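[1] No sequence on hand, only this structure:
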């Protein structure tokens, strides 16, 4: 029998020769990904500050509701339907109710006694 001796080279002396393609894969692609993440983060910060709610509130101008609507106080037993019918009897009550809901930004058709509502003026 022959004895075979394998000599191991220490890892510190092993030199890796990379081709141009190998250097691109090992160094170039991670560098491109890092640069892209930094650009997207910078864009998110810039666009986030431009489209912030604080900037949006500056553009709105207050509207004088006296030209478009009158203020009505809801009495005990009143409903949107009865208020709409009394405010403009010549129009379809459904249209007036939808305008009252839109003017007052009501989430539901329920109103409370003592509540102040904007009611559209007759046209």
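    Nice, thanks for sending it over. Only a predicted model underlies this, so the values are computations on that prediction, with no experimental measurement involved.

[2] now the protein, which segments are flagged as low pLDDT?
    In the predicted model of the chain, residues 1-12, 52-61 satisfy pLDDT under 70.

[3] Do a quick rundown of the helices in it.
    Along the chain, counting by DSSP state H, helices occupy 20-23, 29-50, 53-58, 80-87, 93-104.

[4] Any idea which of those gets closest to residue 121?
    Nearest to residue 121 among the helices of the chain is helix 80-87 (8.3 Å), distances taken as CB to CB. For the C-beta atoms, the positions are set from N, CA and C on the backbone; glycine is no exception.

[5] one step back: could you dump the helices of the chain to JSON lines with mean neighbour count?
    Output for the helices of the chain, formatted as JSON lines (neighbours: other CB atoms under 10 Å):
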{"stretch": "helix 20-23", "mean neighbour count": "10"}
{"stretch": "helix 29-50", "mean neighbour count": "10"}
{"stretch": "helix 53-58", "mean neighbour count": "8"}
{"stretch": "helix 80-87", "mean neighbour count": "18"}
{"stretch": "helix 93-104", "mean neighbour count": "16"}
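
[6] In TSV: these, plus distance to residue 70.
    TSV is the format used below for the helices of the chain (distance: least, CB to CB, whole Å):
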stretch	distance to residue 70
helix 20-23	77
helix 29-50	39
helix 53-58	27
helix 80-87	8
helix 93-104	10
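
[7] Please give me every residue in contact with residue 74.
    83, 111, 112, 113, 114, 115, 116, 117 (CB atoms under 8 Å, 6 or more residues apart in numbering).

[8] Pick out the most distant pair among those.
    Going by CB to CB, the pair spanning those furthest: 83 and 114, at 13.4 Å.

[9] Residue 99 touches residue 120, doesn't it?
    Yes - counting by CB atoms under 8 Å, residue 120 is a contact partner of residue 99 at 4.7 Å.
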